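Peer 1: sequence plus the predicted model coming up.
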Amino acid sequence: MKAIRVLIVDDQMMVREGFSVLLGAQPDIEVVGEAVDGREAIAQVAALRPDVVLMDIRMPELNGLEATREIVAADADAKVLVLTTFDLDEYVYQALRAGASGFLLKDASARQLGEAVRVVAAGEALLAPTVTKRLIATFSQLGESALPGAARPGPHERLDELTERENEVLVLVAKGRSNAEIAEHLVVAESTVKTHVSRILVKLGLRDRTQAAVFAYEARLVTPGG
């Protein structure tokens, strides 16, 4: 079985070494490189072609937000997992808008870290319900003015392409519900939910459920606490 190749990007040596040790202990994961800032991360991604990039946000030279945007712009299939301490959630939100596949708390356990890497490497979006709710709640408190350039999606016509059930599924995805939870809520098979999610992504021109959640929130289909 081919190991998942990971690039760790963080300006703090202790953080890089800590994650490297934790991931190195996983039999199916290989740390192929490290970078100390966003500029070096972009170069390392181009040279090493890692399966997953663990990306810190606040770094010198080029921050993780801009690095994520450039990496995804260069390769739409790139998978970036943003690292955060949740002291600046608005940047996490922007990172998701920039194309990150999810986010992970820096105090994650070895098990959580390994599972997060596996989920993102498999092409799924890491959208943990409890973390998502915290992110949305914080964003609501900060207000839209705290998000420079976070404009609402213009082509609302795309939403008209969704069926009533697809719209319902999109709202539940935006609330951080897993496929299993959505299936239980709607009393349908989990495979049916997966089909709905796939169709939603195609119709809205989005690449994963994380982007779908961001789109739904920006389009005001979902409101915190709603």
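Peer 2: Received the coordinates, thanks.

Peer 1: tell me the first helix or strand C-terminal of the helix or strand of the chain with the lowest mean pLDDT.
Peer 2: Of all helical and strand segments in the chain, the minimum by mean pLDDT, DSSP states H and E falls on helix 129-142, at a mean of 56. Downstream of helix 129-142, the first helix or strand assigned by DSSP states H and E is helix 164-174.

Peer 1: which elements pack onto the host helix or strand of V82?
Peer 2: Using DSSP H and E, V82 falls within strand 80-84. Here strand 80-84 touches strand 52-56, helix 64-74, helix 89-98, strand 102-105, helix 110-121, going by 3 or more C-beta pairs under 8 Å, 6 or more residues apart in numbering; DSSP states H and E. Just so you know, the C-beta spots here come from the backbone N, C-alpha and C atoms, and that holds for glycine as well.

Peer 1: worst average pLDDT in these?
Peer 2: Among these, helix 89-98 carries the lowest mean pLDDT, at a mean of 69.

Peer 1: related to what we said a few turns ago, who touches the strand holding V82?
Peer 2: 10, 15, 52-57, 64, 68, 71-72, 91-92, 95-96, 99-106, 116-117, 120, 126 (C-beta atoms under 8 Å, 6 or more residues apart in numbering).

Peer 1: one more pass at 7 Å, please.
Peer 2: 10, 52-57, 64, 68, 71-72, 92, 95, 99-106, 116-117, 120, 126 (C-beta atoms under 7 Å, 6 or more residues apart in numbering).

Peer 1: from V193, how far out is the residue of the chain most remote from its centre?
Peer 2: Going by C-alpha atoms, centre = their mean, the residue of the chain most distant from its centre is V187, 27.3 Å out. To V193, V187 is 11 Å away according to C-beta to C-beta, to the nearest Å.

Peer 1: alright, calling it a day.
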